[in-house]
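# this one's sequence-less:
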């Protein structure tokens, strides 16, 4: 092959590669994006090792904030683009499994770590957790069947043992001992807890609400909320005007300073300054959401770090492409192309 032929072949190859890369990046940015889930915060809905597909068409894709190659996390530092959300075919709804960029990270939005949780509080809602159960606008939220929580299992006889043959058919991994010989702790769905209570040697099964959990929520930072008794907290809504007070400042401070990018500070008791002017009220510039993990007692969610701004929403998780169990080193074939809800 002569030199000209080599040049033509190389040019054709580079053109094809560039076109393919542009197509893949277009799909990645505007249509669908795969994610691997490393934690158990959404178990049993999503297991660690699940490769899920997020649809950006549901909420509307956003144009990039950064210039670079997202596949390899390579970006041009210091370059920030104006970004806009294109029309989607649905609005975020309560109960959706949402993929979003982790709000507290100090990076451009599209470079922040991807998180996946369930939308519980919508803009304008009031959210709380009462004895471990989510309550929205004063009404208990019907939990999806895959939501897991901790349960106290009281045995009739301390000599009885909850063996794997009792637990595994119910999808329960293990029963943890406690200081009370008659009591065990399990992480299970409501359905599994009901089935466990039907065993003849089980006295009763109760939802465990801890007053002093291992990880205490820190949103808002001055609260004494626990993960099982939390709130109530309001969820900001676009164009909603709120009164700025010493009690609401901890709820809205990060929203105003970080997500809506205003110079805001409390300069005295009940006195606030935004962009150099004293303010008693503030009007939100976008919608916000409150999210919880389905594994309620093992989830770093809005109870710990606050609201998800709408511009941080990446898409709705719609499908498990495949799943890899890293502990046992095998594919979970039953989870291949499994829909999510």
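Noted; the coordinates are in hand. Note that the coordinates shown come from a computational prediction; the quantities given were computed from them, not determined experimentally.
# all contacts plus neighbour counts: C-alpha atoms, from now on.
OK.
# okay, now the unreliable bits of this protein?
1-4, 6-13, 15-32, 70-72, 209-215 (pLDDT under 70).
# mind listing the helices for it?
For the chain, the helices defined by DSSP state H occupy 3-30, 164-167, 190-197, 246-254, 302-305.
# tell me how far the third one lies from the chain's centre.
Using Cα atoms, centre = their mean, to the nearest Å, we find the averaged C-alpha position of helix 190-197 to lie 26 Å away from the chain's own average C-alpha position.
# what packs against it?
On a contact count with 3 or more Cα pairs under 8 Å, 6 or more residues apart in numbering; DSSP states H and E, helix 190-197 meets strand 148-155, strand 202-207.
# and residue 78, which of these is closest to it?
Taking Cα to Cα, strand 148-155 is the member of these nearest to residue 78, at 42.1 Å.
# what packs against the closest one?
When contacts are defined as 3+ Cα pairs under 8 Å, 6+ apart, strand 148-155 sits against strand 183-189, helix 190-197, strand 202-207.
# can you tell me which of those is packed in deepest?
For the helices and strands packed on strand 148-155, the largest average neighbour count (mean count of other Cα atoms under 10 Å) is found in strand 183-189, namely a mean of 23.
# neighbouring contacts of that one?
The contact list for strand 183-189, computed with Cα atoms under 8 Å, 6 or more residues apart in numbering, reads 145-155, 158, 171-178.
# show me how to select, in ChimeraX, the buried members of the residues you listed.
Under the burial definition 16 or more other Cα atoms under 10 Å, those of the contacts of strand 183-189 that qualify are selected in ChimeraX by:
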select :146,147,148,149,150,151,152,153,154,155,172,174,175
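# tell me the spacing between the most centrally placed residue in the chain and residue 37.
Nearest to the geometric centre of the chain sits residue 117, at 2.5 Å (Cα atoms, centre = their mean). Distance, residue 117 to residue 37, using Cα to Cα, to the nearest Å: 11 Å.
# residue 303 too?
For residue 303, the distance to residue 37 equals 20 Å [Cα to Cα].
# between these two, which one's more packed in?
residue 303 (25 against 19; other Cα atoms under 10 Å).
# thought that one was touching residue 217?
Yes: taking contacts as Cα atoms under 8 Å, residue 303 lies within contact range of residue 217: 5.3 Å.
# give me the distance from stretch 242-251 to the chain's centre.
25 Å.
# quick one: buried residues of it?
Burial within stretch 242-251, assessed by neighbour count using 16+ other Cα under 10 Å, is assigned to 244, 249-251.
# ok so, going back, of the helices and strands packed on helix 190-197, which is nearest residue 314?
For the helices and strands packed on helix 190-197, proximity to residue 314 was assessed by Cα to Cα; strand 148-155 is nearest, at 24.9 Å.
# who's in contact with that closest one?
Contacts of strand 148-155 (Cα under 8 Å, 6+ apart): 43-44, 132, 182-190, 193, 197, 201-209, 294-297.
# sorry, back to before: of the helices and strands packed on strand 148-155, which is nearest residue 314?
With Cα to Cα, the closest approach to residue 314 among the helices and strands packed on strand 148-155 belongs to strand 183-189: 28.0 Å.
# for residue 176, which non-adjacent residue is closest in space?
Using Cα to Cα, 6 or more residues apart in numbering and skipping the chain neighbours, the partner closest in space to residue 176 is residue 185 (4.9 Å).
# same deal with residue 39?
Using Cα to Cα, 6+ apart, the nearest residue to residue 39 is residue 48, at 5.0 Å.
# show me the contacts for the one you found.
Counting by Cα under 8 Å, 6+ apart, residue 48 touches 37-40, 325.
# how about a cut-off of 10 Å?
Contacts for residue 48 (Cα atoms under 10 Å, 6 or more residues apart in numbering) come out as 36-42, 323-326.
# ok, residue 231 next?
For residue 231, the contacting residues are 126-130, 135, 219-220, 223-225, 303, by Cα under 10 Å, 6+ apart.
# mind redoing it with 7 Å?
Counting by Cα atoms under 7 Å, 6 or more residues apart in numbering, residue 231 touches 127-129, 225.
# filter those residues down to just the buried residues.
Using 16+ other Cα under 10 Å as the burial test, the contacts of residue 231 include 127-129, 225 as buried.
# narrow those to those in strands?
Judged by DSSP state E, the buried ones among the contacts of residue 231 include 127-129 as members of strands.
# between these, which is nearest residue 318?
Nearest to residue 318 among these, with distances taken as Cα to Cα, is residue 127, at 24.9 Å.
# common neighbours of residue 303 and residue 217, please.
What both residue 303 and residue 217 touch, as defined by Cα under 7 Å, 6+ apart, is the set residue 227.
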